[in-house]
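Colleague: build me a model from this:
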Amino acid sequence: MVIAKGGQGIMTDAAEKPSPFATAAELSAALRGGGTTSAAIIRRALDRAAAHEPALHAFVEIFGEAALAAAEAADDRRSRGAPLGPLDGIPFAVKDLFHIEGHPTSAGSKALAAAPAAATANAVRRLCAAGMIPLGKVHTVEFAFGGWGTNPVLGTPLNPRDRAVPRAPGGSSSGSGVAVAAGLVPAALGTDTGGSVRNPSAMCGVVGLKTSVGLIGRGGLLPLATSFDSVGPLTRSVEDAALLLSALQGRDPDDPDTFGVTGPDPLRHLGDGVAGLHLRVPSERDLGTVEADVLRLFRAAVQQLATLGAEVEERAMPRRPEDYMATTGDMMAAESWHHLREHVEPETSIVHPAVRARILRGRTIDGARYQELLVARRAAQIELHRYLDGADALLTPTAPIFAPPLEAIDETQTPLGTFTRMVNLMDMAALSVPVGLAGGLPASLQIVARRFDDAVALRIGRALEVARGGLFEPPAGFEAP
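Modeller: Model prediction:
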């Protein structure tokens, strides 16, 4: 069997099982064609988790028996001609920030009680209603407050892109990125407050969608900073991201930001290409901190979109990307302090010092200062939206650097937020897609769209995906079992 780049052409005949790197769409096609069963997909996922988990440390908990029972139910529905939809019977992983009934939610910390959750989060319920099967919970940075993906408390998931040197997986949805990139699951749920879906997507070389706040309900999600918190999928294809968004979006009675919101159909124009779209690119000044090879791969992707018919215009941003980071960081600190102060205030707190320091900074931001931050945010939003007048999307690198070795990380620095944090500050949507490797490490393109224009970002990413025959490249050493 030949595994093409991006997992395209996953089988040579109906009897051959899908690649471990098959996308959800490809697995769906195999299920429809009778080339596999949901039970076989789940068994293989469990086998791969057992084989690779010791080296990756992606999962907090694996739901083996429950996942197999759900797979058998999906196969029964399919045998009766009554599948729940294209995602029925396909596994996914859940960031350990979402409640799942009967299972504890640790949020990457030992500070929370280990009591089982009484109800399941909206996003998990929606994917289960579409027939998807939760394979288990995956690790996160403690309280989801960190971009590198490190967690000294419960253990750091290891980036599968380098088996010789332990590297940052990106965070805070670290386990989600690792599990998808290593071929343990085709999709995972993550959250994004300042880049927490896009950072692991960029570091691990997968697709990550930071959705517009209000598109996917946050009921049953432990909050970090509710002004910015959003839910999004990590997948191995843009097509899969659109499929999951279609299932995830909608009104959530526990999240008023979803009230009255009619989300766009992410699948309707997914294949329309980029001809006629106007794309804006920052100037050299704005990209000054980007590593040479990251910039080279970014420029090549932008040029390919232009070749595909998009009109590309370079224009300096109103402010340098780094200038937006301070306002975002201050608001995150203030809001995280509100939600998490009981866990970090005591001198006996067992929260890791680096995370504790980020949260404790919020207590220095009083009501007057927070109002100043809101005014600054509003001004920045107006300014950037004027900058985008006439453009359908803004293109940047997702991260300015490649995944660094864990031993080289400075927890006081946040370079991974250079281009991601501003998206949350602006209340916009963004898609991160891998655009190539350098020395075996991935670089990614970030496609930034206006709020509720998530489908536009997906359309642009899909055009590049189709032109390249897939964007995801499997990491070496994870082909079997």
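Colleague: need the helices for the stretch 151-300 of the chain, in chain order.
Modeller: Here the stretch 151-300 of the chain has its helices, by DSSP state H, counting those that start in this stretch, at 174-181, 198-204, 238-248, 292-307.
Colleague: next one: the stretch 301-450 of the chain
Modeller: With helices called from DSSP H, counting those that start in this stretch, the stretch 301-450 of the chain shows them at 321-344, 353-360, 367-387, 421-426.
Colleague: for the residue nearest to F298 when sequence neighbours are not counted, what are its contacts?
Modeller: Once flanking residues are discounted, F298 sits nearest to P397: 4.7 Å by Cβ to Cβ, 6 or more residues apart in numbering. For every residue, glycine as well, the C-beta is placed using N, CA and C. Counting by Cβ atoms under 8 Å, 6 or more residues apart in numbering, P397 touches 287, 290, 294-295, 298, 419, 443-446.
Colleague: check R386 too.
Modeller: P318.
Colleague: kindly report the same for P86.
Modeller: Contacts of P86 by Cβ under 8 Å, 6+ apart are 25, 28, 243.
Colleague: element containing the second one, please.
Modeller: Right, the one you point to is S28. Applying DSSP states H and E as the criterion places S28 in helix 24-32.
Colleague: that helix packs against which elements?
Modeller: In terms of contacts (3 or more Cβ pairs under 8 Å, 6 or more residues apart in numbering; DSSP states H and E), helix 24-32 is packed against helix 38-56, helix 238-248.
Colleague: including distance to M428 and mean pLDDT, could those go into a markdown table?
Modeller: Putting the helices and strands packed on helix 24-32 into a markdown table (distance: least, Cβ to Cβ, whole Å; pLDDT from 0 to 100) gives the following:
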| stretch | distance to M428 | mean pLDDT |
| --- | --- | --- |
| helix 38-56 | 32 | 97 |
| helix 238-248 | 15 | 98 |
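Colleague: which one, of those, ends up nearest to N151?
Modeller: Closest of these to N151 is helix 38-56, at 13.3 Å (criterion: Cβ to Cβ).
Colleague: tell me the angle the closest one makes with helix 24-32.
Modeller: Angle, helix 38-56 to helix 24-32, by axes from the mean of the first three to the mean of the last three Cα atoms, to 10 degrees: 140 degrees.
Colleague: in whatever helix or strand comes next after helix 38-56, which residues are buried?
Modeller: Per DSSP H and E, the first helix or strand lying C-terminal to helix 38-56 is strand 59-62. If you call a residue buried by 16 or more other Cβ atoms under 10 Å, then strand 59-62 has these buried ones: 59-60, 62.
Colleague: can you tell me the strand partners of strand 59-62 and which way each runs?
Modeller: Within its sheet, and counting by DSSP bridges, strand 59-62 is paired with strand 133-138 (antiparallel).
Colleague: the strand it pairs with to helix 174-181, inter-axis angle?
Modeller: Using the same axes, to 10 degrees: strand 133-138 against helix 174-181 is 130 degrees.
Colleague: and the helices and strands packed on helix 24-32, which is most packed in?
Modeller: Counting by mean count of other Cβ atoms under 10 Å, helix 238-248 has the highest mean neighbour count of the helices and strands packed on helix 24-32, with a mean of 27.
Colleague: now do that helix: everything it contacts.
Modeller: So helix 238-248 is contacted by 23-25, 85-87, 92, 123, 126-127, 129-130, 132, 186-187, 207-209, 211, 215-216, 231, 233, 235, 263, 265-267, 270, 431, 433, 454-455, 458, 461-462, 464-465, 471 (Cβ under 8 Å, 6+ apart).
Colleague: could you check the angle helix 24-32 makes with it?
Modeller: Per the same axes, to 10 degrees, the angle that helix 238-248 makes with helix 24-32 is 80 degrees.
Colleague: quick one: mean pLDDT for stretch 206-221?
Modeller: Taken as a whole, stretch 206-221 has a mean pLDDT of 98.
Colleague: and stretch 164-177, by the same measure?
Modeller: 98.
Colleague: what's the answer for stretch 424-443, then?
Modeller: For stretch 424-443, mean pLDDT is 98.
Colleague: which residues of this protein score low on pLDDT?
Modeller: Applying pLDDT under 70 to the chain flags the ranges 1-16.
Colleague: I'd like the distance between the residue nearest to F298 and P233.
Modeller: 21 Å (Cβ to Cβ, to the nearest Å).
Colleague: check which helix or strand covers A457.
Modeller: helix 454-468.
Colleague: next, the angle from that helix to helix 292-307.
Modeller: Using the same axes, to 10 degrees, helix 454-468 lies at 100 degrees relative to helix 292-307.
Colleague: how about helix 454-468: buried residues?
Modeller: 454-466, 468.
Colleague: same question for stretch 321-337.
Modeller: Using 16+ other Cβ under 10 Å as the test for burial, stretch 321-337 gives 321-322, 324-325, 327-337.
Colleague: pick the one among those residues closest to A114.
Modeller: For the buried residues of stretch 321-337, the nearest to A114 is S336 (21.8 Å; Cβ to Cβ).
Colleague: list the contacts of the closest one.
Modeller: Counted by Cβ under 8 Å, 6+ apart, S336 has contacts 143, 145, 224-225, 358-359, 362.
Colleague: from T307, how far out is it?
Modeller: From S336 across to T307, the span is 43 Å (Cβ to Cβ).
Colleague: also T364?
Modeller: In terms of Cβ to Cβ, T364 sits 50 Å off from T307.
Colleague: A393 is in contact with V302, correct?
Modeller: No: taking Cβ atoms under 8 Å as the definition, V302 is not a contact partner of A393, at 11.3 Å.
Colleague: overlap in contacts of these two?
Modeller: L279.
Colleague: mind checking which of the two has more residues around it?
Modeller: The neighbour comparison of V302 against A393 (other Cβ atoms under 10 Å) goes to A393, with 27 against 20.
Colleague: alright, that wraps it up for me.
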